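[1] from the sequence below, what's the structure:
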Amino acid sequence: MKQRIVTLPALIACIALAAVSAAVWAFMQNGAKGAEGVNIYKNGKLVTALPMDSDTEYSVEESSVKVKIENGFAFISESDCKCKTCIGFGKLSKAGQSAVCLPQKVTVELFGESEIDAAL
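    Here you go, the predicted structure:
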């Protein structure tokens, strides 16, 4: 008798998880508009706010993190943390998106108008 590599309940759970993930992603993308600016926080305190319409690079004080704004996208371009997860967040462009460097305690958050008033 052959053993199944994937059981039916496991397959159903994977399909359900994929469907829910796709629905959440679609919901988040539909209501978000382009960001107006970027708030940069260090240790939970706002250190600067930058507009999205000008290309610039900002070095966060007391850390090795550099935040770059380029062609309407904001992203963490440099950090000396071990895992570089913060760089892996990629380019952000919509209001409400964020990237975090936990070892350096830096948060990059895009702000602006959103069509979503509330989520149930």
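[2] list the contacts for the residue nearest the centre of the chain?
    The centroid of the chain falls nearest to residue 98 when counting by CA atoms, centre = their mean (3.8 Å). Going by CB atoms under 8 Å, 6 or more residues apart in numbering, residue 98 touches 89, 92, 107-110. Just so you know, the C-beta spots here come from the backbone N, C-alpha and C atoms, and that holds for glycine as well.
[3] does residue 34 touch residue 93 like I think?
    Yes - here residue 34 reaches residue 93: they are 6.1 Å apart, a contact under CB atoms under 8 Å.
[4] who has more neighbours out of the two?
    Between residue 34 and residue 93, residue 93 has the larger neighbour count (other CB atoms under 10 Å), namely 17 against 13.
[5] quick one: that one and residue 74 touch, right?
    Yes - with contact taken as CB under 8 Å, residue 93 and residue 74 are classed as touching, separated by 7.4 Å.
[6] now the common contact residues for residue 34 and residue 93.
    With CB under 8 Å, 6+ apart, residue 34 and residue 93 have common neighbours 52, 72.
[7] read off the pLDDT value for the nearest residue to residue 66 once chain neighbours are set aside.
    Spatially, and ignoring its direct neighbours in sequence, residue 66 is nearest to residue 78 (4.1 Å; CB to CB, 6 or more residues apart in numbering). Here the pLDDT value assigned to residue 78 is 93.
[8] got the contact list for residue 78?
    Going by CB under 8 Å, 6+ apart, the list of residues near residue 78 reads 64-66, 87.
[9] buried subset of the residues you listed?
    Buried by 16 or more other CB atoms under 10 Å: 65, 87, out of the contacts of residue 78.
[10] show me the contacts of residue 78 that map onto strands.
    Those of these mapping onto strands are residue 66, per DSSP state E.
[11] kindly indicate which of the contacts of residue 78 lies nearest residue 15.
    residue 87 (31.9 Å; CB to CB).
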